[in-house]
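>>> Following is a predicted model, sequence given first.
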Amino acid sequence: MILRNQTMDLEQPVLCPGCSADEGLHYVHPTTVQVNRGGEITTVDHKGTCIARGAPVMRGANIVILFACEQGHTFRQEFQFHKGATYFLEELDEAALAPGEPLEFGTLWRD
């Protein structure tokens with residue numbers, strides 16, 4: 001089935017895995033997207049786009065999206081393509097900001 005002109009479900013936001021339900025768990029900002037295609041690494045962040053050479057991650061493409069939530073947590077969603085299958089990992093960065101520390105991160109896009 002080919003789906004065209006689909007609308008994004010705004011009722012299903014990305015949730016911070018480090019927040020509890022009473023905090024702002026859906027106040028999440030994308031900060032970086034990185035694609036590693038056989039050692040050719042394209043990174044997009046608030047500064048722009050950079051292409052560099054590096055080591056490949058397994059066979060197939062690897063896509064990493066970094067997020068920061070407004071409570072100070074950072075986390076990553078990673079997709080690894082290998083032999084026709086796509087694997088997914090979500091990982092919380094355990095080095096969260098201390099309470100009261102100013103939140104500083106570069107969002108990919110902000111109005």
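Alright, I've got the coordinates. What you are looking at is a predicted structure, and each value in this text was computed from that prediction instead of being measured.
>>> can you tell me which residues contact the closest residue to Gly38 other than its chain neighbours?
Closest residue to Gly38 apart from its sequence neighbours, by CB to CB, 6 or more residues apart in numbering: Pro56 at 4.9 Å. The C-beta positions use only the backbone N, C-alpha and C, and glycine is treated the same way. Applying CB atoms under 8 Å, 6 or more residues apart in numbering to Pro56 gives the contacts Asn36, Gly38, Gly39, Asn62.
>>> Repeat the analysis, applying 10 Å as the threshold.
Going by CB atoms under 10 Å, 6 or more residues apart in numbering, Pro56 touches Asn36, Arg37, Gly38, Gly39, Glu40, Ile41, Asn62.
>>> Show me how far the worst-scoring helix or strand of the chain on mean pLDDT is from its chain's centre.
Taking mean pLDDT, DSSP states H and E as the measure, the helices and strands of the chain show their lowest mean at strand 85-93, namely a mean of 90. Distance, stretch centre to chain centre, for strand 85-93: 10 Å (CA atoms, centre = their mean, to the nearest Å).
>>> Could you find the residue nearest the spatial middle of the protein?
Against the mean C-alpha coordinate of the chain, by CA atoms, centre = their mean, the closest residue is Ile65 at 2.2 Å.
>>> Can you tell me which of the contacts of Pro56 is nearest Glu11?
Proximity to Glu11 was ranked across the contacts of Pro56 by CB to CB; first place goes to Asn62, at 29.4 Å.
>>> Quick one: residues contacting that closest one.
34-38, 41, 56, 78-82, 87.
>>> Phi first, then psi, for it.
Main-chain torsions, Asn62, degrees, to the nearest 10: phi -130, psi 130.
>>> Now do the buried residues in stretch 75-83.
Residues of stretch 75-83 classed as buried: Phe75, Arg76, Gln77, Glu78, Gln80 (neighbour count, 16 or more other CB atoms under 10 Å).
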